[in-house]
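Engineer: What would the 3D arrangement of this be:
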Amino acid sequence: MDGLIIFFIIIIIAEVAERQGWWRRMYDCSHVPGSEVRPASELCASLHHHGNRSSRRRTTPTHPSSRWAELKMLDMQHKKKTASARAKVDCTIMQYKDVKLKWKKMLKVLMLISFLLKGQTAVIQTQQTVMVKVGEDVHLSCQLMQTKDVLQVTWQKDLPEEKKNIATYSEHFGQTVNPGFKDKVEFKDAGLKNCSIVIRKVMEQDEGCYLCLFNTYPDGSLTGRTCIQLYELHEPILQIRESNSTEETVVSCSATGRPAPTVTLNVTQQDLYFSNSSTVSVTNTNATVTVTTTAVLSGFHGNGAQVGCAAGLLSVPEIQVFKTIPAVNQTSDDGEKHFKNH
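Structural biologist: Model (predicted):
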């Protein structure tokens with residue numbers, strides 16, 4: 001998991017580098033004279049032009065002072081070209097050094113990220129999230145996966161304003177549950193390598209994240225983190241409304257839970273089907289949500305049918321209820337429906 005996170009971080013850094021143009025312009029050499037690239041055709045034309053000028057100079061007599069001025073000008077041009085070449089070389093060296101420096105910085109960042117991901121939490125095995133029903137007990141455990149000199153294990157609740165100590169264990173002092181948690185928390189497995197606690201009858205105020213700290217020498221504190229998520233799911237209520245039609249009827253199912261449950265209607269017979277389905281959610285004052293699904297069951301032609309409703313949320317097992325629609329005869333002369341006898 002940590003390796004996958006590091007891989008995505010590398011991809012993100014590479015994408016940022018590409019957008020910012022790090023690979024294209026590590027060091028800007030645009031200020032260096034003559035650093036622009038000239039086409040080969042232009043260079044050849046320039047050489048041919050200078051060659052013609054040289055040949056013309058050999059055949060055309062010139063005054064000695066003019067010849068001296070021309071030689072001086074050529075010498076100055078040569079010095080300028082030499083200085084430009086040196087500047088380009090210096091700029092190339094600076095480019096290389098800048099690239100090397102940026103790669104060193106990037107590697108340091110990756111090493112730091114790797115340390116933060118693997119350095120502490122990876123050595124402790126614990127559950128990331130524990131689902132628990134309101135009013136039930138929950139078991140939280142932490143196991144140290146490396147050999148360390150552990151002096152004490154401390155459990156804390158991670159509150160927004162502080163980290164509140166719950167309980168501690170050490171070989172010298174044994175098990176200690178802090179005041180305020182004595183009737184709520186107790187040790188299940190007390191050890192310096194594997195330590196677990198039980199929180200009794202979990203309520204809303206117990207929801208949140210908890211820390212287990214292995215206080216070691218000389219490495220300091222190694223921390224594991226696990227979070228409690230409460231759920232509440234009540235048995236669904238399935239209703240079948242009476243209908244004047246012998247071929248269809250309206251079915252509705254309601255379920256209340258926290259977080260909002262999913263409600264699914266089903267029917268066992270293959271020739272029957274639901275249509276015109278609709279779902280309504282209502283948030284209650286106690287933070288639970290009531291979800292109601294209504295649909296029209298068609299195709300049973302007066303025959304009996306078994307209708308089911310399933311309510312579930314997250315990884316919690318579904319709760320299912322069933323009802324049977326009895327078979328009916330066609331409406332008789334007295335205007336009433338009569339059930340078939342089995």
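
Engineer: In terms of secondary structure, what does the longest strand belonging to the chain contact?
Structural biologist: Counting residues, the longest strand found in the chain (DSSP state E) is strand 220-233. In terms of contacts (3 or more C-beta pairs under 8 Å, 6 or more residues apart in numbering; DSSP states H and E), strand 220-233 is packed against strand 124-126, strand 129-133, strand 138-144, strand 208-216, strand 248-258, strand 305-313, strand 316-325. (Glycine included, C-beta is placed from N, CA and C.)

Engineer: and with 6 Å instead?
Structural biologist: strand 124-126, strand 129-133, strand 138-144, strand 208-216, strand 248-258 (3 or more C-beta pairs under 6 Å, 6 or more residues apart in numbering; DSSP states H and E).

Engineer: That one: which residues count as buried?
Structural biologist: 222-226, 228, 230-233 (16 or more other C-beta atoms under 10 Å).

Engineer: ok, now stretch 181-193?
Structural biologist: Neighbour counts over stretch 181-193 (16+ other C-beta under 10 Å) mark 181, 184-187, 190, 192 as buried.

Engineer: Can you tell me which of these is closest to Val153?
Structural biologist: Lowest distance from Val153 to those (C-beta to C-beta) belongs to Leu192, with 6.2 Å.

Engineer: before we move on, back to that, what's the closest of the helices and strands packed on strand 220-233 to Phe274?
Structural biologist: Short answer: strand 248-258, nearest of the helices and strands packed on strand 220-233 by C-beta to C-beta, at 7.4 Å.

Engineer: what's the angle from that closest one to strand 316-325?
Structural biologist: If you take axes from the mean of the first three to the mean of the last three C-alpha atoms, to 10 degrees, strand 248-258 sits at 150 degrees to strand 316-325.

Engineer: what does strand 248-258 rub up against?
Structural biologist: Strand 248-258 is contacted from outside by 232-234, 236-241, 243, 261, 263, 265, 287-288, 290-298, 307, 309, 311, 313, using C-beta atoms under 6 Å, 6 or more residues apart in numbering.

Engineer: For the helix or strand just after that strand, which helices and strands make contact with it?
Structural biologist: Later in the chain than strand 248-258, the nearest helix or strand by DSSP states H and E is strand 262-267. Using 3+ C-beta pairs under 6 Å, 6+ apart, the elements in contact with strand 262-267 are strand 248-258, strand 289-298, strand 305-313.

Engineer: would you turn those strands into TSV with mean pLDDT, mean neighbour count and distance to Val153?
Structural biologist: Converted to TSV, the helices and strands packed on strand 262-267 look like this (pLDDT from 0 to 100; neighbours: other C-beta atoms under 10 Å; distance: least, C-beta to C-beta, whole Å):
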stretch	mean pLDDT	mean neighbour count	distance to Val153
strand 248-258	92	21	32
strand 289-298	94	19	38
strand 305-313	92	20	34
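
Engineer: Include distance to Ser275 when you put those into TSV, please.
Structural biologist: Below are those laid out as TSV (distance: least, C-beta to C-beta, whole Å):
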stretch	distance to Ser275
strand 248-258	8
strand 289-298	5
strand 305-313	14
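
Engineer: Out of those, which gets nearest to Ile13?
Structural biologist: Closest to Ile13 of the helices and strands packed on strand 262-267, according to C-beta to C-beta: strand 305-313, at 38.4 Å.

Engineer: In the sheet, which strands lie alongside the closest one, parallel or antiparallel?
Structural biologist: With DSSP bridges as the test, strand 305-313 is paired with strand 262-267 (antiparallel), strand 316-325 (antiparallel).

Engineer: And those: which comes nearest Leu74?
Structural biologist: Nearest to Leu74, of these and by C-beta to C-beta, is strand 262-267 at 88.2 Å.

Engineer: could you check the angle strand 289-298 makes with that closest one?
Structural biologist: 20 degrees.

Engineer: Could you pull out the buried residues of strand 262-267?
Structural biologist: So for strand 262-267, counting by 16+ other C-beta under 10 Å, buried means 263-265, 267.

Engineer: Show me what whichever helix or strand comes after it is in contact with.
Structural biologist: Downstream of strand 262-267, the next assigned helix or strand under DSSP H and E is strand 273-283. Identification of contacts with strand 273-283 by C-beta under 6 Å, 6+ apart yields 260, 265, 289-299.

Engineer: For those, work out which two are farthest apart.
Structural biologist: Among these, Val289 and Gly299 lie farthest apart (C-beta to C-beta), at 31.8 Å.

Engineer: need the contact list for Gly299.
Structural biologist: 271-273.

Engineer: how does this structure divide up, domain by domain?
Structural biologist: When the chain is parsed with automatic domain parsing, its domains come out as 2-118, 123-232, 234-325.

Engineer: Confidence-wise, which of the ones you listed is weakest overall?
Structural biologist: When the domains of the chain are compared by mean pLDDT, domain 2-118 comes last with a mean of 59.
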